[in-house]
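Visitor: Give me the fold of what follows.
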Amino acid sequence: MEQISAAIKRAVKSAKTALCVSHVDPDGDSIGSMLAMGMILSQLGVVSDYYSEDGIPKIYRFLPGADQVRRVPIPNRIYDLLFAMDASDIKRLGEKLSPHEISKVIINVDHHPDNTKYGNINYVEKSSSTAELVFKLAKYLKVKINRPMAENLYVALITDTGNYRYENTSMATFAMAGELLKAGVDTHEITTRIYDTKTIASIRIQAAALANLEISPDRKAAWATVTQEMMDRVGAMGEDLVGLVDQIRSIDGVEVAILFREENGKVKVNLRSKEKVNVSEIAKRLDGGGHIRAAGAILQGDVESIKNRVVSEVLKYLKASKYLV
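Guide: Next comes the predicted model:
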């Protein structure tokens, strides 16, 4: 990756402006990495804007720089560089943005194994998170990792490793965390905000979803459905469902957990596995993607039909694979 880092350094050195972009339906890694990348660029004299088509979920709005993120591109503005953060495919940047029209150089920074290498420069590497790649880049570019940058990177790191519970956690992950603590990160404050702060709507919508939990006859798969009507009834937002599919996965004996979420005429499908099934392979069959243990897809159609299709696919996969990755 030395050559890629050098290519990014050259691109940054000749740039004056940049746009840092998160993927749609953003998570902590995408947001934290986007904000940290912008801070790196600012230290190097590059004026940076931030863009997230779906905005910033309330849970992450405490992050330094989050108030600068735009949901609508600035009209007629052209950038020297566009940094796509944590997006495995260019379509994941959203429908409102035309990346090739607003920048001649797209730098793709991502850790997803199914990344389509759509950038002019592709910094794509297997790691715990995109934040880990941004951290390496900060080191390579010799910028100061101050507290605001460290807080963004720390949130990105813990949310993509499940607070160091997932198997993508490595020695390098803990070494990075140690350096971020040295930069001033308050771990108690951040973990309280991320894991121990929920809205009433979140509790209610998750309770409603779990009340209608369905389980396969062999108890190896379990799924829940959240309709738009359910969301409206309790005043919930998409971010209020964070962690729900992980709760389903935690059921004893369940290997694959699925969450179906109806939204704007589409159905978002979240897939999780415990230890044996590669759910990214299932997601690919649905024109989606992701990681071995966490993947997803967005499908058009009514929720019941999609649920039947996806569950059938999962059960078929479980039977054929005999639970092997």
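Visitor: Show me the helices in the chain, by range?
Guide: In the chain, the helices defined using DSSP state H lie at 2-13, 28-43, 99-102, 130-140, 147-160, 171-182, 187-195, 200-211, 228-234, 244-249, 279-285, 303-321.
Visitor: Using JSON lines, please lay out those helices together with mean pLDDT.
Guide: Output for those, formatted as JSON lines (pLDDT from 0 to 100):
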{"stretch": "helix 2-13", "mean pLDDT": "97"}
{"stretch": "helix 28-43", "mean pLDDT": "98"}
{"stretch": "helix 99-102", "mean pLDDT": "96"}
{"stretch": "helix 130-140", "mean pLDDT": "98"}
{"stretch": "helix 147-160", "mean pLDDT": "98"}
{"stretch": "helix 171-182", "mean pLDDT": "98"}
{"stretch": "helix 187-195", "mean pLDDT": "96"}
{"stretch": "helix 200-211", "mean pLDDT": "98"}
{"stretch": "helix 228-234", "mean pLDDT": "97"}
{"stretch": "helix 244-249", "mean pLDDT": "97"}
{"stretch": "helix 279-285", "mean pLDDT": "92"}
{"stretch": "helix 303-321", "mean pLDDT": "92"}
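Visitor: Format those as a markdown table; extra columns: distance to Cys20 and mean neighbour count.
Guide: Yep, even glycine has a C-beta here, placed from its N, CA and C like the rest. Output for these, formatted as a markdown table (distance: least, CB to CB, whole Å; neighbours: other CB atoms under 10 Å):
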| stretch | distance to Cys20 | mean neighbour count |
| --- | --- | --- |
| helix 2-13 | 12 | 14 |
| helix 28-43 | 5 | 27 |
| helix 99-102 | 12 | 14 |
| helix 130-140 | 10 | 24 |
| helix 147-160 | 11 | 26 |
| helix 171-182 | 19 | 15 |
| helix 187-195 | 21 | 14 |
| helix 200-211 | 28 | 16 |
| helix 228-234 | 30 | 14 |
| helix 244-249 | 28 | 20 |
| helix 279-285 | 26 | 21 |
| helix 303-321 | 33 | 16 |
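Visitor: Need the ones you listed in CSV (columns: distance to Gly55).
Guide: Shown next, in CSV, are those (distance: least, CB to CB, whole Å):
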stretch, distance to Gly55
helix 2-13, 27
helix 28-43, 10
helix 99-102, 19
helix 130-140, 19
helix 147-160, 16
helix 171-182, 25
helix 187-195, 18
helix 200-211, 17
helix 228-234, 17
helix 244-249, 20
helix 279-285, 24
helix 303-321, 24
